[in-house]
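Visitor: next come a sequence and a model predicted from it.
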Amino acid sequence: MRYGGEAMRFAAISFCLLAAALLLPAPLVQAQEARAGERADFVLIDKSDRKLWLYQDGKVIRAYSGLQYGDAPVGHKQFEGDERTPEGRYTISYGNEQSSYYLSLYIDYPNAQDRAFANARGRSPGGLIFIHGQPNGLPFDARVPGDWTDGCIAMSNAEIAEVWSLVPDGTPIEIRP
């Protein structure tokens with residue numbers, strides 16, 4: 001169970017979505033309310049198209065565009081500090097409400113293959129890769145321009161709030177070049 005329990009998570013997300021709906025200009029609030037029983041069972045990211053899709057039972061239930069990556073967005077993450085976003089199959093392990101960014105979902109990079117590649121070269125593969133919102137302290141609807149993460153995947157705060165509500169711990173994720 002995520003930090004703070006499901007009830008706290010539901011209350012926090014409900015509050016954030018309500019605040020977003022009341023405070024943001026209408027075009028920025030595009031989050032749809034989850035329908036009963038709607039839960040993602042697979043996440044797909046296409047780095048080159050800067051898109052993320054949530055699937056349930058093989059059908060797309062949500063799609064997002066305009067993703068932001070690290071300063072070196074092309075290519076698979078190989079080493080700590082290379083500013084790249086991983087490519088391959090991983091798992092969303094847990095959500096973190098207490099991150100430095102507005103909500104974050106942890107991707108279990110590096111896997112055994114990533115560690116072996118980096119270790120064979122005497123390097124660290126890095127880690128702490130998340131899908132997250134914008135840095136805390138910015139206005140809710142603000143966005144840092146361009147690619148700015150250290151290899152994470154950033155989206156708007158309204159988008160990550162919706163993704164957070166639909167993606168349970170243990171969901172597989174594929175990140176394509």
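Guide: Looks like it came in fine.

Visitor: could you check the pLDDT of the residue nearest the centre of the chain?
Guide: Centroid-nearest residue in the chain, with CA atoms, centre = their mean: Ile131, separated by 1.9 Å. We have a pLDDT of 98 for Ile131.

Visitor: touching, it and Ile153? I think so.
Guide: Yes. Ile131 lies in contact with Ile153 (CB atoms under 8 Å); the separation is 4.6 Å. C-beta coordinates here come from the backbone N, C-alpha and C atoms, glycine included.

Visitor: which neighbours do these two have in common?
Guide: Leu52 (CB atoms under 8 Å, 6 or more residues apart in numbering).

Visitor: what sits against the residue nearest to Lys47 when sequence neighbours are not counted?
Guide: Nearest non-adjacent residue to Lys47, counting by CB to CB, 6 or more residues apart in numbering: Pro177, 5.7 Å away. Counting by CB under 8 Å, 6+ apart, Pro177 makes contact with 47-48, 74-76, 87.

Visitor: what separation do you get for Pro177 and Ile160?
Guide: Pro177 sits at a distance of 23 Å from Ile160 (criterion: CB to CB, to the nearest Å).

Visitor: where does the chain have low pLDDT?
Guide: Across the chain, residues meeting the criterion (pLDDT under 70) sit at 1-34.

Visitor: ranges for the helices of it?
Guide: In the chain, the segments counted as helices under DSSP state H are 5-23, 112-120, 157-166.

Visitor: show me what contacts Ala118?
Guide: 78-80, 110, 124-126.

Visitor: okay, now the residue nearest to it when sequence neighbours are not counted: neighbour count?
Guide: In this structure, Ala118 finds its nearest non-sequential neighbour in Pro125, 3.7 Å apart by CB to CB, 6+ apart. If you count neighbours by other CB atoms under 10 Å, Pro125 ends up with 21.

Visitor: got the contact list for Pro125?
Guide: Pro125 neighbours (CB under 8 Å, 6+ apart): 77-80, 109-110, 114-115, 117-119.

Visitor: just the buried subset of those, please.
Guide: 77-78, 109-110, 114, 118 (16 or more other CB atoms under 10 Å).

Visitor: rewinding a little: tell me which two of the contacts of Pro177 sit farthest apart.
Guide: Ser48 and His76 (12.7 Å; CB to CB).

Visitor: was I right about Phe79 contacting Ala120?
Guide: No. Using CB under 8 Å, Phe79 is not in contact with Ala120; the gap is 11.5 Å.

Visitor: same list (the buried ones among the contacts of Pro125) but as a markdown table, adding distance to Asp169.
Guide: Listed next are the buried ones among the contacts of Pro125 as a markdown table, based on distance: CB to CB, whole Å:
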| residue | distance to Asp169 |
| --- | --- |
| Lys77 | 22 |
| Gln78 | 27 |
| Tyr109 | 16 |
| Pro110 | 19 |
| Asp114 | 21 |
| Ala118 | 26 |
